[in-house]
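K.L.:
Quick one, fold the following:
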Amino acid sequence: MHLSEITHPNQLHGLSVRQLQQIARQIRDKHLQTVAVNGGHLGPGLGVVELTLGLYQTLDLDRDKVIWDVGHQAYPHKLLTGRYDRFHTLRQKDGVAGYLKRGENKFDHFGAGHASTSISAALGMALARDLKGEKFKAVAVIGDGALTGGMALEAINHAGHMPKTNLLVVLNDNDMSISRNVGAIPRYLNKMRLSQPVQFIKDNLEEQLKQIPFVGESLSPELGRIKEGMKRLAVPKVGAVFEELGFTYIGPVDGHNLEELIATFQQAHQIPGPVLVHVATVKGKGYEIAELDQVGYHAQSPFNVATGKAIPSTKPKPPAYAKVFSHTLVKLAEQNPKIVGITAAMATGTGLDKLQAKLPNQYIDVGIAEQHAITLAAGLATQGMRPVAVIYSTFLQRAYDQIIHDVCIQNLPVFFCLDRAGIVGADGPTHQGMYDIAYLRCIPNMVMMAPKDEAELQSMIVTGVNHSGPIAMRYPRGNGYGVPLMEEGWEPLEIGKGEILRTGDDVLIVAYGTMVYPGMQAAELLSEHGIEATVINARFVKPLDTELILPLAKKIGRVITLEEGCVIGGFGSAIAEALLDADILVPVKRFGVPDVLVEHAEPNESKTELGLTSHQIAERVLQAFFKQQVSAVV
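P.N.:
Numbers count the residues shown, from 1 in each chain. Got it, this is the predicted structure:
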């Protein structure tokens, strides 16, 4: 059977191990070739091919439900559930999503782009099953990196105290999240993987049995069963923590041995109550380049399969915001030992790996634990340190209570750096940084800013590390504009002060962050039609520069706000509120992301769909205020 013929995972039933191994090779090939062209997550999916096949052969997927943590490890799942023919559209507009989406496929039982949620979701389904008197298996597949997230531990704590609720947790242990795992839990799992009983069984037992005269050679078919039995005897030692938490522990199991996986899952399904199967896998399995560089090949932009090298751009690009950020922060940290960079398992994505390499004592990785990261930062701040919490906008949402209670109520100098704010592209709704303006600006004591370009980013980093209270800076994914940068001598910005970039009497354009340059371009297009705009780079959404904005709004009488975030409660709302509070009643048009989920696509495709390109902005301004005077922008 060829992978392309599989449209339902139950077609795996009855296939031999050899046939499954052939399908495993086809999955890896399709996965690798697709990501090489489209970009996307590579290492996680390659590592769970056999795990997926072995698990699915032991389930009835018409009834049973598998919940994949995060979803970037579920590419083999997608290929086995009827998406082979469309898999080439992975992460493209209107194509197959890079994460799981309930609306995409009936076998995607729970959507997720953030880690550590699968056990909670699976337990909820299991409880609903029992309340309704239904019969199906609920399985959560979670990576060991996700176990560093407190939510997963909360779910384990709950499930372990429900001995009559059947739940299977499959722990995909590859000793990695994106980078190498940190903390006591991964260290414990590593001890389990390398524990003396398991290592003895793996490395020594077979060889010793083969040395028995006249007997050793005939024992070969029995060795697997003997080793499994011995491993079960070792469980009280290596699985003690999970057993004490109320789970029946099985493992560690070789995550690339289909025969062993199938036998283990079949056994696990027969055990009542919560069961944890510990599966040891290799991230990037089957693609040697990814196995040797498990951090670099967690996810990749398009690359050459033969060499593993990224396909070079056709023209040089300016430096990425994350690169400028990391370079500047390292320079400042070299001069100020009180600066401490904090990441939640995203060192490479945020650029903090550069700080780790240069100043390891001023770098902290807490694992996938954003809540802990923020309260840890608050604790550091109480002792005179200057914590810099560098977390993607989408992930900072997970620490909202800590931002309010532990930082802002106590007015502590924590610098929040929100990478990948705004439209992020192919990762889709779970990763779009749409909501940080709205969810942060309502919190007392918070200062919020966003740079128009990478040079202003440098000044804002200096501003942030020197501010005496909570302060947040949002900046986008991708490259800057190529403006000149400085190596040192940066000066902090005056808090709450914007700047006028262009003057005109017909319309006032107030732009924030990434929308400043499109606002300027829109103003130039309007000028070609005889309409002159004043353009303000707001720099700050809180506090707003009302001394600058309000008189101009009153004088000009038409206001446009531009932001790359949700318009509900966002930057435009802040401008409108300020105008209302000052009794300035002028028309205001807010341009941003409406009340919709932004699906996966190239960022420019999303911006076009949302009407946020410079030509569309100019056209919308004409239609809103000047439709009787001029023709449309072309």
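
K.L.:
what ranges do the strands span in the stretch 1-150 of the chain?
P.N.:
Taking DSSP state E, counting those that start in this stretch as the test, the strands found in the stretch 1-150 of the chain are 40-41, 65-68, 138-143.

K.L.:
Adding mean neighbour count and mean pLDDT as columns, could you present those strands in TSV?
P.N.:
Where you see a C-beta, it was placed from the backbone N, CA and C, and this is true even at glycine. Shown next, in TSV, are those (neighbours: other C-beta atoms under 10 Å; pLDDT from 0 to 100):
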stretch	mean neighbour count	mean pLDDT
strand 40-41	24	85
strand 65-68	26	97
strand 138-143	28	96
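
K.L.:
Can you check which of the ones you listed gets nearest to Met449?
P.N.:
Among the strands of the stretch 1-150 of the chain, strand 40-41 comes nearest to Met449, with 31.8 Å by C-beta to C-beta.

K.L.:
Which among the strands of the stretch 1-150 of the chain is found nearest to Cys417?
P.N.:
Nearest to Cys417, of all the strands of the stretch 1-150 of the chain, is strand 40-41, at 23.8 Å by C-beta to C-beta.

K.L.:
Partner strands of that closest one and their direction?
P.N.:
Partners of strand 40-41 in the sheet, by DSSP bridges, are strand 299-300 (antiparallel).

K.L.:
Quick one: distance of the partner strand to the chain centre.
P.N.:
13 Å (C-alpha atoms, centre = their mean, to the nearest Å).

K.L.:
Now tell me what touches it from outside.
P.N.:
Val35, Ala36, Gly39, Gly40, His41, Leu42, Gly43, His72, Ile178, Ala310 (C-beta atoms under 8 Å, 6 or more residues apart in numbering).

K.L.:
what's the next secondary structure element after it?
P.N.:
Where DSSP states H and E defines the elements, the next helix or strand beyond strand 299-300 is helix 321-335.

K.L.:
Show me which positions of that following helix end up buried.
P.N.:
Buried residues in helix 321-335, defined by neighbour count with 16 or more other C-beta atoms under 10 Å: Tyr321, Ala322, Val324, Phe325, Ser326, His327, Thr328, Leu329, Val330, Lys331, Leu332, Ala333.

K.L.:
Going by distance to Asn479, which of those wins?
P.N.:
For the buried residues of helix 321-335, the nearest to Asn479 is Tyr321 (7.3 Å; C-beta to C-beta).

K.L.:
ok, the closest one to Ala280 distance?
P.N.:
Separation of Tyr321 from Ala280 (C-beta to C-beta, to the nearest Å): 37 Å.

K.L.:
Phe242 too?
P.N.:
Noted for Phe242: a distance of 15 Å to Ala280, by C-beta to C-beta.

K.L.:
out of those two, which sits in the busier spot?
P.N.:
Counted by other C-beta atoms under 10 Å, Phe242 and Ala280 do not tie: Phe242 has more neighbours, with 24 against 21.

K.L.:
What sits closest to that one if chain neighbours are left out?
P.N.:
Among residues not flanking Phe242 along the chain, Tyr249 sits closest, at 4.3 Å (C-beta to C-beta, 6 or more residues apart in numbering).

K.L.:
same thing with His77?
P.N.:
Of all residues not flanking His77 in the chain, Thr52 sits nearest, at 5.8 Å (C-beta to C-beta, 6+ apart).

K.L.:
Not counting the longest helix belonging to the chain itself, show me its contacts.
P.N.:
If you go by DSSP state H, the chain has its longest helix at helix 17-38. Residues outside helix 17-38 that contact it (C-beta under 8 Å, 6+ apart): 1-3, 6, 12, 15, 40-42, 45-46, 49-50, 52-54, 57, 75-76, 79-80, 84, 87-88, 90-92, 258-259, 262, 285-287, 300, 302-305, 426.

K.L.:
so how many other residues sit close to the residue nearest to Phe242?
P.N.:
Residues near Tyr249, counting by other C-beta under 10 Å: 23.

K.L.:
what about the stretch 201-350 of the chain, any weak spots by pLDDT?
P.N.:
Low-confidence segments of the stretch 201-350 of the chain, defined by pLDDT under 70: 201-238.

K.L.:
Please enumerate the helices of it.
P.N.:
Along the stretch 201-350 of the chain, the segments classed as helices by DSSP state H, counting those that start in this stretch run 206-210, 220-238, 240-244, 258-269, 288-292, 321-335, 347-350.

K.L.:
Likewise for the stretch 351-500 of the chain?
P.N.:
In the stretch 351-500 of the chain, the helices defined using DSSP H, counting those that start in this stretch lie at 353-358, 370-382, 393-396, 400-402, 436-441, 454-466.

K.L.:
how about JSON lines for those helices, with distance to Val516 added?
P.N.:
Shown next, in JSON lines, are those (distance: least, C-beta to C-beta, whole Å):
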{"stretch": "helix 353-358", "distance to Val516": "27"}
{"stretch": "helix 370-382", "distance to Val516": "29"}
{"stretch": "helix 393-396", "distance to Val516": "18"}
{"stretch": "helix 400-402", "distance to Val516": "27"}
{"stretch": "helix 436-441", "distance to Val516": "15"}
{"stretch": "helix 454-466", "distance to Val516": "9"}
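
K.L.:
So for Met162, which of those sits nearest?
P.N.:
Of all the helices of the stretch 351-500 of the chain, helix 370-382 comes closest under C-beta to C-beta, at 24.4 Å.

K.L.:
elements contacting that closest one?
P.N.:
strand 339-343, strand 386-392, helix 400-402 (3 or more C-beta pairs under 8 Å, 6 or more residues apart in numbering; DSSP states H and E).

K.L.:
counting contacts, what elements does the second one pack onto?
P.N.:
It stands for strand 386-392. The contact analysis (3+ C-beta pairs under 8 Å, 6+ apart) places strand 386-392 against strand 339-343, helix 347-350, helix 370-382, strand 415-419, helix 454-466.

K.L.:
again, but for the first one
P.N.:
Here strand 339-343 is seen to pack against helix 321-335, strand 363-365, helix 370-382, strand 386-392 when contacts are counted using 3+ C-beta pairs under 8 Å, 6+ apart.

K.L.:
centre of the chain versus that strand, how much separation?
P.N.:
Offset of strand 339-343 from its chain centre (C-alpha atoms, centre = their mean): 19 Å.

K.L.:
That one vs strand 386-392, what angle?
P.N.:
20 degrees (axes from the mean of the first three to the mean of the last three C-alpha atoms, to 10 degrees).

K.L.:
residues making contact with strand 339-343?
P.N.:
With contacts defined as C-beta under 8 Å, 6+ apart, strand 339-343 is touched by 329, 332-333, 350, 352, 355-356, 362-366, 373, 376-377, 380, 385-391, 465.

K.L.:
Among the helices and strands packed on helix 370-382, which comes closest to Asn479?
P.N.:
With C-beta to C-beta as the yardstick, what comes closest out of the helices and strands packed on helix 370-382 is strand 386-392 (17.1 Å).
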